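A.B. asks: build me a structure from this.
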Amino acid sequence: MIGDLKGKKQLSSYQPTQEVIDITKIVKEDYITGIDIIQRGYVELNNRSVIEDTNRGQMMFNAFVDTDFEDPSESWKWRGTRSMARNKGIAMHSQLTANYLLPLFVAQNSDDEVDVQISEIMQDIIEWMAQPINSDYQNSFLQLVFSMETNPVTFLGTEYCEVFQKIKEKQADGSYTKKEILDEVLSGFKAPIYSPNQVLITNAYQRNIQRQKAIIERCYKDYHELEAKYGDHPNWIFVQEGIKSVYNDEDGLFYNIKDDIENDKLVAEEIYKNRREDLEIPFVNGIYMGNMGSVENNPIKHRDNRGAPKYNKIPFGFNRIGDHFFYYKSMMNVLGWDNMLIDAVYEVGMNDELLRANMPIAISGSDKIDSEVMFPNAVITLEDKDSKVNPLLPPRQGSILNTAMPMIEQSMDEGSLSKTMQGQLPEASQKAYTVAQSRADAKKILRAVGKSLAESMVLYGDLMKDIAINNITVPQVQELVGGQTVLKYPKFFLDNKVSGGGMGNKTIKFDESLMGKKMTAKEKKYKSMELLEQSGYPDKKNSIALVNPEIFAKFKYLCKVDVTQMFSKTNEYMQELLVQLRGILANDPYIDMEKLDKKLVYAFFQSEGDELIKKQPEQEQLAVPNNNQLQPATMGRTPVAPTNIQ
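C.D. replies: As a prediction, this is how the structure comes out:
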């Protein structure tokens, strides 16, 4: 997009129309603004730039130590790091990723009435999207939390792609023909991670990314990967590996320059997005890859269910800085000074120990004492009665390691997690109080970080909801025998879902036959009984949900995040809690002990706990659930709701 055109210039064969030149000039101006923002120093980052703060944080987390030295006499000194900041970061990561954080949804119809069942359907579809078999969300979430600890900002994107690949198919006569199929690796819902220098903004003091005038995504990809995406575009013939086409304002022409990257086999993809103008224009190595008919025919791809465009990138960070600053203070930034101090103190202490273990001495007199006679149990006779051997270091009055280190470590604990929360138990005499105090302090810190994470996750969930409505739940064209095509809505399967006090499978079906249809109460009841039979009741605890796709897409979904989801509720935690509740509530007439016993068994044995549950008498098993147990499918004003089988 931009480059150094000084000196010898090579005229590019890519010379677009004036309309493309005009939009390229606008994009170039915003690009220069974005580059200036990430390279400028900020008081909020201690006069470091975004790039410098990122590098500093990543080196600290990776326990980088510069072992180069010019003076050989300095080579004996200890060089290293205690890696305290890194250890704190790993402990924080384990706490924040105890569960994969997903947003929750509240569905409202046109009358602002909340529908609990449709809210649950949206939640289930988002959970389905986040499964490893369907997307890379879980892997991205783990990397996202690591990046929050090192970077002043990390962007998480939402994308839905349909990329096709060519395969060879063997024919009956033994020959091969090429056929295009969907590339499942590059297609579907994706949650890519973007580092601070991969998303450029136009205002460093506007936190809401949707209010940015423009954003520019930029990253280097393999030539063949981008060929699969843009290979059919007329301008692809101008794309060269390691060569960028740069516009020259002086003469209005494009010139080729060598891209300043280590791997010249990669190609730069830069996507300009302007939400207010509803423009999304891709450039590959500076070459326009948008609509060839008109520059205006490049609308933003990500849209909500109203058709309004949105930027599909959400910034995440560890702690906010100031009132309006877009970027965050990373965990390595928070612990940076203490981490450097503890390394400096440790270096002084270790060098002191090395010197005392190999004490330098001062000799007066004619006798020679050197390394030849300095060894364990050596006995030396001095001939010169005036010879004296004195140590150069004064007697030790105390070790700096024993005095300064505890204070510095306490300071780092206050900014992150204590040793107790990292798994190091205190002395037995202090154990109960110390553990309780550490947990209380850790919860305060975790909740503060959790709120920052939740703030961004609410915005990200809103983007995931758009993908679910506009891409995941829409019908797919299916070709039948004879060349006919039909539209088929997808089905979603979730296993090990809690249903009726037990664990079972859940199936969500979008049924086009329900569109525009109204059912009486009697018809709803019969439909519910039909689904009940299909689920395998009473032998199985499965559930089936029918959804009206038309009404589902028209709902307004409010996104929220429960911060407590980020705190680990392990099986051990639930086992201990349920055992205590079982004893306390054993004689409480208002508690359903059967369901409590089921939860207790599942906490220990998960789905295998079904074997331990006592079967109900056959007469009770065959009893038809009442209206409270079986929620019928409803239509019209209230959309089709799930049918939960107990």
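A.B. asks: where's the residue of the chain most remote from its centre, which helix or strand?
C.D. replies: Going by C-alpha atoms, centre = their mean, the residue of the chain most distant from its centre is residue 385, 75.3 Å out. For residue 385, there is no enclosing helix or strand under DSSP states H and E.
A.B. asks: so it versus residue 379, what's the distance?
C.D. replies: Residue 385 sits 18 Å away from residue 379, going by C-beta to C-beta, to the nearest Å. Bear in mind the C-beta positions are built from the backbone N, C-alpha and C, glycine included.
A.B. asks: for residue 304, same thing?
C.D. replies: Residue 304 sits 88 Å away from residue 379, going by C-beta to C-beta.
A.B. asks: ok, these two, which is more surrounded?
C.D. replies: Higher neighbour count among residue 304 and residue 379: residue 304, with 16 against 5, using other C-beta atoms under 10 Å.
A.B. asks: let me know the pLDDT of the more buried one.
C.D. replies: Turning to residue 304, the model gives it a pLDDT of 90.
A.B. asks: ok, residue 269 next?
C.D. replies: pLDDT, residue 269: 95.
A.B. asks: any chance you could map the strands in the stretch 451-600 of the chain?
C.D. replies: Remark: strands assigned in the stretch 451-600 of the chain by DSSP state E, counting those that start in this stretch are 476-479, 485-488, 491-499, 502-510, 543-547, 556-560.
A.B. asks: sheet partners, orientation included, of the third one?
C.D. replies: Yep, that's strand 491-499 we're talking about. Under the criterion DSSP bridges, strand 491-499 sits next to strand 502-510 (antiparallel) in its sheet.
A.B. asks: what mean pLDDT does the partner strand get?
C.D. replies: What strand 502-510 shows for mean pLDDT is 78.
A.B. asks: gap between the spatially most central residue of the chain and residue 132?
C.D. replies: Nearest to the mean C-alpha position of the chain, by C-alpha atoms, centre = their mean, lies residue 141 at 2.7 Å. Residue 141 sits 11 Å away from residue 132, taking C-beta to C-beta as the criterion.
A.B. asks: can you list contacts of stretch 248-268?
C.D. replies: 1, 3-5, 9-12, 14-16, 21, 25, 218-223, 226, 239-247, 284-286 (C-beta atoms under 8 Å, 6 or more residues apart in numbering).
A.B. asks: okay, now it: how far is its last residue from its first?
C.D. replies: Stretch 248-268 has an end-to-end distance of 19 Å (C-alpha to C-alpha, to the nearest Å).
A.B. asks: which one, of the strands of the stretch 451-600 of the chain, ends up nearest to residue 30?
C.D. replies: strand 556-560 (29.1 Å; C-beta to C-beta).
A.B. asks: which residues are contacting that closest one?
C.D. replies: Contacts to strand 556-560, defined as C-beta under 8 Å, 6+ apart, come from residues 103-109, 119, 122, 458-459, 461-462, 465.
A.B. asks: how is this protein divided into domains?
C.D. replies: The record's domain parsing of the chain by automatic domain parsing lists 10-331+449-468, 473-643.
A.B. asks: okay, those domains, which one's buried deepest?
C.D. replies: Mean neighbour counts were taken over the domains of the chain using mean count of other C-beta atoms under 10 Å, and the top value, a mean of 17, falls to domain 10-331+449-468.
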